[in-house]
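Chemist: Prediction below, plus the sequence it came from.
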Amino acid sequence: MVAVYDIQVTKVERSKLQDIPLENIPFGKYFTDHMLEADYENGEWKNVEIKPYQPLLLDPSVAALHYGQIIFEGIKAYRDVNNHLALFRPMENFKRFNMSAERMEMPTVPEEIFIEGMRQLVELDQNWVPAREDHALYIRPFMFASDELIGVRPSDKYKFLIILSPAGPYYATPMRIYVEETYTRAAPGGIGYVKAAANYGASMHPTAEARKKGYDQVLWTDAFEHKWVQEIGTMNVFFVIGNTAYTPGLENNSILAGVTRDSAITILQDLGLEVKEEPINIETVMEAHKRGELREVFGTGTAATISLIRELKYKDYVMEFDVSTWSVATRLKERLNGIRSGKVEDKWGWMSKVV
């Protein structure tokens, strides 16, 4: 028997939107009027509701605070040229969320709660979606262990929520990147391929160290040799060498299978470029730069979309780029933005209409 969830809706009396301008809004600072919340207890999901955005009341012993059973996703909703509102590839995030849940020994969330609940929530707060270039409504589904018990074991209770945030560009300007050779983001057998909060918490100190040196983010390398490229900060990475775009493969489960990454591969191939998903040695990248064959470097991610890299530092060697001359990343971003805005045909069916 398939469970049917009655999503209860309680609306705010007055919208906060009257007090918050959506022009040039910073990423992740403001949140919309409503949120979705659901509880997992005794092997089933219950209490599914959309209600006014509000603080959570948690016991100090709640398991997530002690043992880190926390996962999340990042999705965006866009308003197109015809004023329609649509989600970008939400089913891919739904699948990845539940993959993360399984790896972290958490319950999977039913599609009716994750997708339909999200759709209803976004429709309710649709006036929060900025109708501006490079702006969107950022959607953050997340789940955490909610047992009120200290003990190293999977929780029996979980809480799932979705919150929304109107957002502008995550990285407004091309970035300077430091190649990390001391700290490690992920290793085979670990959780690098899932959206677990622990991955991001562990990245903050190395990133802070890089910023002290004048860099915006780090390019992670493998845990054993510190030569094999993984990700840039919170993004997947692409290198355009000659007429080929290279991005690290996903075979050892150390790299997140980004939805924007997958979309970028599809678009780049459609633009006529060869794309190779394979192990990439940072020294190979450096040598390509010395030969004048490294044309472009960019990151891809839900929050960042397509972010240009203007400098890459490995050991004492600095690779600098004139991003104003680039064409691959620019065409990729234009095509992706065109699909999201409705200006370009969505021939892969990526946009999921809300209203």
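Modeler: Ah, there it is. Residues are numbered from 1 along each chain as shown.
Chemist: Domains in the protein, by residue range?
Modeler: The chain breaks down into these domains under automatic domain parsing: 8-167, 175-341.
Chemist: Start and end of the first one, how far apart?
Modeler: Here the two ends of domain 8-167 are set 27 Å apart, with distance taken as CA to CA, to the nearest Å.
Chemist: cool, and the longest one?
Modeler: End-to-end distance of domain 175-341: 25 Å, with CA to CA as the criterion.
Chemist: And the next helix or strand past the strand or helix carrying residue 177?
Modeler: For residue 177, the host element (DSSP states H and E) is strand 175-179. Next along the chain after strand 175-179, taking DSSP H and E as the criterion, comes helix 197-212.
Chemist: Show the average pLDDT along that next one.
Modeler: Across helix 197-212, pLDDT averages out at 95.
Chemist: That one: how far from the chain's middle?
Modeler: 16 Å (CA atoms, centre = their mean, to the nearest Å).
Chemist: contacts for whichever helix or strand comes after it?
Modeler: Counting by DSSP H and E, the next helix or strand C-terminal to helix 197-212 is strand 217-221. For strand 217-221, contacts defined as CB atoms under 8 Å, 6 or more residues apart in numbering pick out 175, 177-181, 183-186, 203, 206-207, 210, 227-233, 235, 237, 282, 312. C-beta here means a position set from N, CA and C on the backbone, and glycine is covered the same way.
Chemist: picking that back up, strand partners of the strand holding residue 177, parallel vs antiparallel please.
Modeler: Sheet pairing for strand 175-179, assigned by DSSP bridges, gives strand 217-221 (parallel), strand 305-314 (parallel).
Chemist: Where does residue 65 fall, secondary structure wise?
Modeler: Counting by DSSP H and E, residue 65 is found in helix 63-67.
Chemist: after that helix, next one along is what?
Modeler: As the chain continues past helix 63-67, the following element, by DSSP H and E, is strand 70-72.
Chemist: Identify the residues contacting that next one?
Modeler: 64, 97, 100-101, 104, 106, 140-145, 194-198.
Chemist: switch the cut-off to 10 Å
Modeler: Contacts with strand 70-72, where a contact means CB atoms under 10 Å, 6 or more residues apart in numbering, come from 63-64, 96-101, 103-104, 106, 109, 140-145, 158, 160-161, 191, 194-201.
Chemist: which stretches of the stretch 1-150 of the chain have low pLDDT?
Modeler: 1-4 (pLDDT under 70).
Chemist: where along this protein do the helices fall?
Modeler: Secondary structure of the chain (DSSP state H): helices located at 63-67, 90-103, 111, 117-124, 197-212, 259-270, 282-290, 328-341.
Chemist: quick one, which of those is nearest to residue 19?
Modeler: helix 117-124 (18.4 Å; CB to CB).
Chemist: follow-up on the earlier one: buried set for the helix holding residue 65?
Modeler: For helix 63-67, a neighbour-count test (16 or more other CB atoms under 10 Å) marks 63-65, 67 as buried.
Chemist: farthest pair in these?
Modeler: 65 and 67 (8.2 Å).
Chemist: Need the overlap of contacts for the two.
Modeler: Joint contacts of residue 65 and residue 67 (CB under 10 Å, 6+ apart) are 145, 150.
Chemist: Next up, the contacts around residue 293.
Modeler: Taking CB under 10 Å, 6+ apart, one finds 240-244, 287 in contact with residue 293.
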